[in-house]
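[1] just a sequence and a predicted model for now, questions to come.
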Amino acid sequence: MMMTKRVFVFLTFIASPLIAGIAAAQDQAIVAEGEGQPQGKPQQQGALAPAVVVSDPSLAKEERTGLLWIFPAAYGSLELRHVIQRKMTRDQGFVHVRGGSPNLLGSKHAVSDSPHWLFRPTVGSTFFDGELDSSFTYSFSNDVGSSELRKVDVTNSTQWNVIKGNFNASSPYLLGPSADTSLFDGSKNGTGFSYSDIGFFGELSSLFSVPSGTLNVRGYLNPVVELYSHEQNEKSRSTLIRSVDQGSRSGLSSSRLVDTDAQPDEPMAARQKHPMYLASYGIAGTYQPHWSTKLALGLGLDVIQSWKPVYKETVVPGQTETTVKRDGYARDAVSYARLTVKYDFTKRVSLVNQVRHYTAGIWDRGISIDNPDTSGQVGAIAWENRLSLNVSLF
């Protein structure tokens, strides 16, 4: 029984990757994508991105109903995602061999797996012959074993492909402004939080013929400036350097950069007043075999680099109070490799699985409990598995 349970848990963990562009799939070839998120958010970057499903323009006007009557190019989808995040006491990479026996996924050093479900409905539309795309995604979360379903995020993603063309018949490129806005209902520190990533997105892909199939190689770059709601700030997105005792809070309320909402016994934190800068970039390849038009395999490497504002607290000469000022920016990064498998059951229903291995810095060191990612993107998570069922509605 115990062995059966372990095998089931292992198979569940392996079966859960990527799930990026939720708008599942018409017959077009999928391309390997780069957050997540903005996924910036780094949650959200780096997936196999199926072509966005738009309504069939051949539908007679009288046959269109609801949203398609107002927005003929509207699309909608549902995604059910199972996520497992693994914390490690020591991260040894994808396969580590010791004494002749493989240690797959570092399971001998796992601390805990945190499984949860996400339900993500999406509705959006393209405009100007597909050059402008804007969509809203609602995220509802449920921890495995819990009966509570909570709304955790509402995201609007907009991209305008101002420059679009082909270097040759098999190498398209695009470039244009992008914007992502998220409204969190409960962040890491238990408070509401909102942010907007404003920048531009560029990508270049090329299609190659390889033995028994085709290979689509894609690279992307997405630099943004990240702005926050001041009344709902995320403390971990800035750094505070203190010159006085961490336990003392006397005389600190005079600075507008000090988080005066913290409890008296909490260490002082800076209330961020300056934006953070991010740059997401990566390269990925997607293989589609000739013997199956429904199956696609992807492998990619993504980097999320951040520049967080640093605040420094100093004591005012001759007084007991302190002052806090910005003291430059701290550069940090997190990178991750991703292995993705996608299978299209129909044109509207697909299953996507992705395994991610996170590394601190630009492939500098493994992430563990004692050595977490300091960029504020994934924390102490070393491995993540995403299994998604995507259904295109219209």
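    Received the coordinates, thanks. No experiment lies behind these values; they were computed from the predicted model shown. Numbering: from 1, shown residues only.
[2] report the buried residues of the top strand by length along the chain.
    Criterion DSSP state E: the longest strand present in the chain is strand 322-344. Buried positions in strand 322-344, judged by neighbour count with 16 or more other CB atoms under 10 Å: 322-324, 329-330, 332-342, 344. Glycine gets a C-beta too; all of them are placed from N, C-alpha and C.
[3] all helices of the chain, in order?
    Here the chain has its helices, by DSSP state H, at 2-14, 67-70.
[4] any idea which of those scores lowest on pLDDT?
    Per-stretch mean pLDDT for the helices of the chain is lowest at helix 2-14 (a mean of 40).
[5] read off the pLDDT value for the closest residue to Arg348 other than its chain neighbours.
    In space, Arg348 comes closest to Ser392 once its chain neighbours are excluded; the distance is 4.2 Å by CB to CB, 6 or more residues apart in numbering. We have a pLDDT of 94 for Ser392.
[6] and what of Gly298?
    As summarised for this prediction, Gly298 has a pLDDT of 97.
[7] for beta bridges, what are the partners of it?
    Beta-bridge partners recorded for Gly298 (DSSP bridges): Thr286, Thr340.
[8] tell me, how many residues neighbour it?
    By other CB atoms under 10 Å, the residues close to Gly298 number 28.
[9] check contacts around the residue lying closest to Gln159 once chain neighbours are set aside.
    Among residues not flanking Gln159 along the chain, Ser178 sits closest, at 4.6 Å (CB to CB, 6+ apart). Ser178 sits next to Ser157, Thr158, Gln159, Trp160, Asp197, Ile198, Gly199, Phe200, Phe201, Asn222, Val224 when contact means CB atoms under 8 Å, 6 or more residues apart in numbering.
[10] count the neighbours of the third one for me.
    Neighbouring residues of Gln159 were enumerated by other CB under 10 Å; the total is 19.
[11] mind giving me the packing neighbours of the longest strand of the chain?
    Helices and strands touching strand 322-344, by 3 or more CB pairs under 8 Å, 6 or more residues apart in numbering; DSSP states H and E, are strand 239-241, strand 276-289, strand 295-315, strand 349-360.
[12] output the below-cut-off pLDDT ranges for the stretch 1-150 of the chain.
    Regions of the stretch 1-150 of the chain meeting the criterion pLDDT under 70 cover residues 1-69, 94-105.
[13] same thing but 80
    1-71, 92-108, 144-150 (pLDDT under 80).
[14] surely Val349 meets Val391?
    Yes - applying CB atoms under 8 Å, one finds Val349 in contact with Val391, separated by 5.4 Å.
[15] more neighbours, the two?
    Each of Val349 and Val391 has its neighbours counted (other CB under 10 Å); Val391 has more, 17 against 14.
[16] contacts only, for Glu203.
    Residues near Glu203 by CB under 8 Å, 6+ apart: Gly34, Tyr173, Leu174, Arg218, Gly219, Tyr220, Leu221.
[17] list the contacts of the last one.
    For Leu221, the contacting residues are Phe201, Gly202, Glu203, Ala279, Ser280, Tyr281, taking CB under 8 Å, 6+ apart as the criterion.
[18] the fourth one pairs with what?
    According to DSSP bridges, the partner residues bridging Ala279 are Pro223, Gln305.
[19] how close does it get to Tyr173?
    18 Å (CB to CB, to the nearest Å).
[20] ok, now the first one?
    Phe201 sits 11 Å away from Tyr173, taking CB to CB as the criterion.
[21] go on, the third one?
    With distances defined as CB to CB, the gap from Glu203 to Tyr173 amounts to 7 Å.
[22] ok so, going back, check the contacts of Glu203 and tell me the two furthest apart.
    Gly34 and Tyr173 (14.3 Å; CB to CB).
[23] ok, the two, which is more surrounded?
    Remark: of Gly34 and Tyr173, Gly34 carries more neighbours, 30 against 16, as counted by other CB under 10 Å.
[24] per-residue pLDDT of the spatially closest residue to Asn156 that is not a sequence neighbour, please?
    Nearest non-adjacent residue to Asn156, counting by CB to CB, 6+ apart: Thr181, 4.8 Å away. On the pLDDT scale, Thr181 is placed at 91.
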